[in-house]
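>>> Show me the folded form of this:
(one chain, ligands or ions: 1)
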Amino acid sequence: MHVTIVGGGFGGVKAALEIAKNHKNRVTLITDKPDFQYYPTLYSSATGHSHTESWAPLGEIFADHTNIHVYVDKIVSINADKKRLNGESGTEYYYETLIMAVGVITSFFNIPGLETYAYGIKTAEEIQRLKQRLFIDIAEKGMLDHNYVVVGAGPTGIELASAIGTYIKRLCRYYGVRDHRVRVRLIEAAPRVLPRSSQMTSRRVTKRLKKMGIAVETNKRVERENATQLIVNGKPIESHTVIWTSGVSNHPIFAQHPEIFTLAPNGRVKVDDYLQAAEHIYVIGDNAATPYTGLAQTAIHDARTVARNLERKTKGRKPRKYRAVLPVSAIPVGARWAVIEWRWIRIYGWIGGVIRRAADLVGYSEILPLGTTLGAWRAAKIYENDYFTPTLRQVRRRK
Ligand SMILES: Cc1cc2nc3c(=O)[nH]c(=O)nc-3n(C[C@H](O)[C@H](O)[C@H](O)COP(=O)(O)OP(=O)(O)OC[C@H]3O[C@@H](n4cnc5c(N)ncnc54)[C@H](O)[C@@H]3O)c2cc1C
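Presented below is the predicted three-dimensional model:
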């Protein structure tokens, strides 16, 4: 069996690893980046922790799999009649069976100014831009912004808001900036933080954030942004460090092919009971309109389901229907504190922090080889000094 996979994220990499377990199978993985990105720890890499925590080269992941071939290319169109994919490089790829796992993209909901001025933390480039901003302010100019604003109090916004203050204070100490008053504001349009979690979790997390000195502002709508201000509910907030974690939308490639894909009202691709969207085409992970789409655990589960069914088909057995599995929610709020929520189970505090660390170990091990798993997991304790090569002026200030 030959399977072509587009996307080297959670869904794509897991599907490749599962299919390649049968040495007779061949996998072609086409992805636009040479690295796998572990999103759950991006907030940590964005706030000074090691890059190794969130990125692993695909070459390392597939080192022991000679039946997986990786092509770094961006797929720009699909021809289902001819079973062809077109890459940005001009290369045409033929497929027999196709799995699409290209993830979502950041959406600014057309709010004026956000695309130009706000920072994201979804890609390495976005994180680099944010770190550069902080570096220029603190190391070069020796000053702090009036406000550090995180927009969106979903899991990513909470994780980031609770980690960024500590990072900024650390930069201040390192570069000898005396003003340590870091004002972090968390803005949310919904009436409470973590709107998809229980009321009790929202309350506990709000209390924890406030204890950490973070201003939690709910029922606040972002209207526009310019170079120095964010306009929220008609009022300006002085800031040039606004981090947007609020919105994502499905990858545009699906809407560009209405002859192949049917979209659900939320923009995800409609799939059948076997995660199939069209003949010979499966759609998994964030792209598929499944009950728990939007989570890494779901992408891994989808990948496993499709891989197993393809294997069953080659053996002449009937494929099994997809069963959605409720993922465990594990959200860190500052160091060594997390909230765990699953059905009626709620765990808060340091025990939650331990469980979240264990969950990351499991998450890495789903994708990475053992050595890389341990390396990535331990990297949470390492600070990266990519902006710690001080210039003469900064050295003088430090003295
Ligand atoms: C900041 C952040 C924190 C998160 N935290 C958690 C968490 O704690 N727990 C959890 O369960 N989930 C978390 N998620 C969600 C989780 O990361 C996603 O649900 C998961 O990554 C989805 O997997 P996927 O394979 O569908 O897409 P992705 O993992 O996004 O992979 C898509 C891949 O496709 C590639 N690609 C994109 N376009 C093309 C193209 N045109 N051609 C070729 N390749 C392409 C991309 O580069 C990428 O490699 C988080 C997400 C973010 C952004």
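>>> Any idea how far apart the tips of stretch 56-64 sit?
When the termini of stretch 56-64 are compared using C-alpha to C-alpha, to the nearest Å, they are 15 Å apart.
>>> measure stretch 137-148 end to end?
Distance between the boundary residues of stretch 137-148 (C-alpha to C-alpha) amounts to 12 Å.
>>> Can you point out the buried residues in it?
137-139, 142, 144-145, 147-148 (16 or more other C-beta atoms under 10 Å). C-beta here means a position set from N, CA and C on the backbone, and glycine is covered the same way.
>>> List just the nearest of these to Leu98.
Tyr148 (42.9 Å; C-beta to C-beta).
>>> Name whatever forms a beta bridge with the closest one.
Judged by DSSP bridges, the bridge partners of Tyr148 are Val184, Thr241.
>>> Contacts only, for it.
164-165, 168, 182-185, 239, 241, 243 (C-beta atoms under 8 Å, 6 or more residues apart in numbering).
>>> try 10 Å
Residues in contact with Tyr148, defined by C-beta atoms under 10 Å, 6 or more residues apart in numbering, are 134, 160-161, 164-165, 167-168, 182-186, 214, 239-243.
>>> thinking again about what came up before, redo the buried residues of stretch 137-148 as a markdown table? Include pLDDT, distance to the ligand and secondary structure.
A markdown table is the format used below for the buried residues of stretch 137-148 (pLDDT from 0 to 100; distance: C-beta to the nearest ligand atom, whole Å; DSSP: H, G, I helix; E, B strand; the rest coil):
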| residue | pLDDT | distance to the ligand | secondary structure |
| --- | --- | --- | --- |
| Asp137 | 92 | 23 | helix |
| Ile138 | 92 | 23 | helix |
| Ala139 | 89 | 25 | helix |
| Gly142 | 90 | 30 | coil |
| Leu144 | 94 | 24 | coil |
| Asp145 | 94 | 22 | coil |
| Asn147 | 96 | 21 | coil |
| Tyr148 | 97 | 17 | strand |
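>>> So for the residue in the stretch 251-399 of the chain positioned nearest to the ligand, what's the pLDDT?
Of all residues in the stretch 251-399 of the chain, Gly285 sits closest to the ligand, at 2.2 Å by C-beta to the nearest ligand atom. Looking at Gly285, its pLDDT is 98.
>>> Repeat that for the one 5 residues further on.
Thr290 is assigned 97 on the pLDDT scale.
>>> got it, and Thr389?
The model's pLDDT for Thr389 equals 47.
>>> For the stretch 1-150 of the chain, which residues are neighbours of the ligand?
6-12, 30-33, 39-40, 42, 74-75, 101-103, 121-122 (C-beta under 6 Å from any ligand atom).
>>> and the stretch 201-350 of the chain, which of its residues are near the ligand?
Residues of the stretch 201-350 of the chain lying near the ligand (C-beta under 6 Å from any ligand atom): 251, 253, 285-287, 294-297, 299, 327.
>>> which of the residues you listed sit farthest apart?
Using C-beta to C-beta, those span at most 25.2 Å, a distance reached by Ile253 and Pro327.
>>> And those two? Which one has more around it.
Ile253 (19 against 15; other C-beta atoms under 10 Å).
>>> and that one, that's in a strand?
No - under DSSP: H, G, I helix; E, B strand; the rest coil, Ile253 falls outside any strand and is assigned helix.
>>> what sits against it?
Counting by C-beta under 10 Å, 6+ apart, Ile253 has contacts 6, 74-78, 100, 102, 260-261, 269, 287.
>>> re earlier: quick one: which of the residues of the stretch 1-150 of the chain next to the ligand sit in strands?
Mapping these onto strands (DSSP state E) picks out 6, 30-31, 75.
>>> And the strands in the stretch 101-250 of the chain, which stretches?
Secondary structure of the stretch 101-250 of the chain (DSSP state E, counting those that start in this stretch): strands at 104-106, 148-151, 184-187, 215-217, 222-225, 229-232, 235-238, 241-244, 248-250.
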